[in-house]
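**Q** Pasting the sequence and the predicted model now:
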Amino acid sequence: MAIEIIGTGKAIPQKRVTNDDLATRIDTSDEWIRSHTGIASRYIADENTACSDLAAEAAKNALAMVAGYTGQDSAERDRAAAQTALSIDLIVIATVTADYFGTPSTACVVQHKIGAVNAAAMDISAACTGFVYGLETAAGLLSVSSKRKRALVLGSEILTKMADWNDRGTCVLFGDGAGAVVLEKTDNSKSGLLQTLLFADGSGYESLIERRGGTRNPFKAGETLEKSIVIEMNGQEVYNFAVKAVTDTINALIKEGGINIDEIARIVPHQANARIVQAAAKRLRIPLEKFYLNIEEYANTSSASIPIALDEMNRKGLLKKGDLILTVGFGGGLTYGGNIIIW
Ligand code: UT7
């Protein structure tokens, strides 16, 4: 038995905002953002777009691919996606920017939007490692039941609505987007999810945090907000953790898999900062070209960054049948981990 990726999709908002655009509103510069992060632009969702809207678009693109449609006509795409949607048994969405606080899950909203009426649906909260966690969760749930054959796994984020636009140290980092894959349980053991490692270090839970709104710090009636609910980050702490997390995860994955790093065709890291990837590549003595980087265009889209990259690579023909692909994620929690996939 194998759990294969049989379709990929992504959704990116239309509005592209460059570093120079940001510099007209915030005390920053293209030079600082590029040199400290590798980011040149990000896409920002409009006021009416929520997490499930991007997720449903990404899902439809992945579902349509399974039905053999990869064109641009949206009516054709929707028809193809609707057929495949009925075959989905499970939807798992990784997100830290859900449509609603607590309940309902964004996955339930997406189930309704795409017509996947036969699917169970739930969200996963593992921040930027969410997609890595989501793949393993879905693969596990497919494996344990003969009734479940297909799952839709997504990372979807509208981070720009949760960014503190008065904190130049964080707001310039984030972008919006969604990525999706369709998983299928097959008898073909030559491809599919080979191995996953998941880690967490809860001692760092305050390094990346949304402090308000939860049961630790709920709003009270009549309270006036000083500022909206925002993501706070200790950049230095997360940076140091991230370089170690990427290095340790890659080392552990190849060791446990009995694989030589030369056998890995591409590494798809969470796109948080190009400098994190460069530092890890140097420590691991892996050529930087092995890492797929698109942070320059999209900035940090948290749980969506890995599936967006996978879809981009897939549609560009960069993923060949039989290639070993390694994903590595890290982020709030603190969480980290990775997958090895035989494409
Ligand atoms: O996806 C979740 C995981 N998140 C991450 O992986 C993020 C990890 N952390 C980082 O990537 C880096 O720590 C940052 C990119 C967030 C910050 O880079 P840094 O090199 O650690 O900068 P810093 O925070 O130490 O700030 C250095 C200077 C400060 O000025 P002074 O005090 O030296 O005068 C900041 O005020 O840069 C200043 N600064 C900026 N200047 C212009 C901070 N943000 C900006 C900005 N534009 N946007």
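**A** All right, it came through fine.
**Q** Neighbours of Leu284, how many?
**A** Here the count is done by other C-beta atoms under 10 Å, and Leu284 has 16 residues near it. (Glycine included, C-beta is placed from N, CA and C.)
**Q** Leu293 in helix, strand or coil?
**A** Secondary structure assignment for Leu293 (DSSP: H, G, I helix; E, B strand; the rest coil): coil.
**Q** so who does it touch?
**A** 38, 269, 271, 274, 277 (C-beta atoms under 8 Å, 6 or more residues apart in numbering).
**Q** what's the closest of those to Ile93?
**A** Within the set of the contacts of Leu293, Gln271 lies nearest Ile93; the separation is 18.8 Å, counting by C-beta to C-beta.
**Q** Now do the contacts for that closest one.
**A** Gln271 makes contact with 293-295, 298-301, 305, 309, according to C-beta under 8 Å, 6+ apart.
**Q** In a markdown table, list those residues along with distance to Phe330 and pLDDT.
**A** Conversion of those to a markdown table gives the following (distance: C-beta to C-beta, whole Å; pLDDT from 0 to 100):
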| residue | distance to Phe330 | pLDDT |
| --- | --- | --- |
| Leu293 | 15 | 98 |
| Asn294 | 17 | 98 |
| Ile295 | 14 | 98 |
| Tyr298 | 17 | 98 |
| Ala299 | 16 | 98 |
| Asn300 | 11 | 98 |
| Thr301 | 14 | 98 |
| Ser305 | 11 | 98 |
| Ala309 | 15 | 98 |
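**Q** got a winner among the residues you listed for most neighbours?
**A** Top of the contacts of Gln271 by neighbour number is Thr301, holding 34 neighbours under the definition other C-beta under 10 Å.
**Q** I'd say that residue and Gly177 touch.
**A** Yes - with contact defined as C-beta atoms under 8 Å, Thr301 reaches Gly177; the gap is 4.2 Å.
**Q** How about the closest residue to the ligand within the stretch 201-343 of the chain: what's its closest non-neighbour residue?
**A** Among residues of the stretch 201-343 of the chain, the one nearest the ligand by C-beta to the nearest ligand atom turns out to be Gly235. It sits 2.8 Å away. For Gly235, ignoring the flanking residues on the chain, the nearest one in space by C-beta to C-beta, 6 or more residues apart in numbering is Gly169 at 5.7 Å.
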